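[1] give me the fold of what follows.
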Amino acid sequence: MEDIKIDGMRVMQNFYPIFAYLFGAIPFGPIFSHMFGNGKLRESGSKNVGATNAFRTQGKAIGIMTLLFDFIKGFIPCFFFKTECNCLNLLILVAPVLGHIFSIWLKFKGGKGIATYFGVLCALSPLVCLGTALMWSIVFIITKISAVAGLVSIVSSLIIFNYAGTALYLDFINQLYALIGMVVLIIIRHSENIKRLMKKEQRT
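    Prediction:
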């Protein structure tokens, strides 16, 4: 009987990356906009479903809720869905960010992934996440542009993880590669922001 339970758990663990993706795909911004705002988050501002656009178009309360829950949906799967298989763990690591950016609930469209990435980072190492958040704050205070703060901070997270993570994780190299892949994807998602920044058209 015990062997059956163990085998059943192992089969269930194979679905953890799918659960992580589906959880990451929940579009909290549009949900909170519909429940507490004007319900037009995807039609307002940048039309993005993330926290930055929620702040701009729906107000601070909905913006904060969106930021918090986008963070949580990255943190919870990576913190709680752990297996003995490194491959599965790496899939679980990237799944929430992929879910947020390519949400099945939004016809594989979604946000840009920074808040969810922070959640994943916090699940890996609160210390690294704290250092990355500090970098975000410093850059935002200097530039007043959230896109710049977000991009600089996630790139800096790789450097911070490289120096802080070696003593924390047995599977450090593969986790670093997974983080690099997520950062590259997020940068690609910010391509329009980067173009506007180069033209000095990005203001927030």
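[2] how much space between the residue nearest to the spatial centre of the chain and Ser153?
    Closest residue to the average C-alpha location of the chain: Thr116 at 1.8 Å, with CA atoms, centre = their mean. For Thr116, the distance to Ser153 (CB to CB, to the nearest Å) stands at 14 Å. (C-beta placed from N, C-alpha, C; glycine too.)
[3] ok, back up a step: the residue nearest to the centre of the chain contacts Leu98, correct?
    No. The pair formed by Thr116 and Leu98 falls short of the contact definition of CB atoms under 8 Å, at 9.4 Å.
[4] overlap of the contact sets of the two?
    Residues touching both Thr116 and Leu98 by CB atoms under 8 Å, 6 or more residues apart in numbering: Gly24.
[5] quick one: whichever helix in the chain runs longest to chain centroid distance?
    Counting residues, the longest helix in the chain under DSSP state H turns out to be helix 60-80. Relative to its chain's centre, helix 60-80 lies at 9 Å (CA atoms, centre = their mean, to the nearest Å).
[6] hmm, back to that, give me the nearest residue to the residue nearest to the centre of the chain, chain neighbours excluded.
    The shortest distance from Thr116 to any non-neighbouring residue, by CB to CB, 6 or more residues apart in numbering, is to Gly74 (3.8 Å).
[7] measure stretch 25-41 end to end?
    16 Å (CA to CA, to the nearest Å).
[8] now do stretch 22-34
    20 Å.
[9] quick one: residues in contact with that stretch.
    39-42, 48-51, 53-54, 58, 62, 65-66, 69-70, 73-74, 76-77, 95-100, 102-106, 110-111, 116.
[10] list the buried ones in stretch 151-168?
    The neighbour-count check on stretch 151-168 (16 or more other CB atoms under 10 Å) flags 151-158, 160-161, 165 as buried.
[11] chain center to it: distance?
    The answer for stretch 151-168 is 15 Å, by CA atoms, centre = their mean.
[12] for this protein, what spans make up the helices?
    Under DSSP H, the chain gives helices at 2-13, 16-24, 28-36, 51-58, 60-80, 86-101, 114-124, 126-143, 146-164, 172-189, 191-198.
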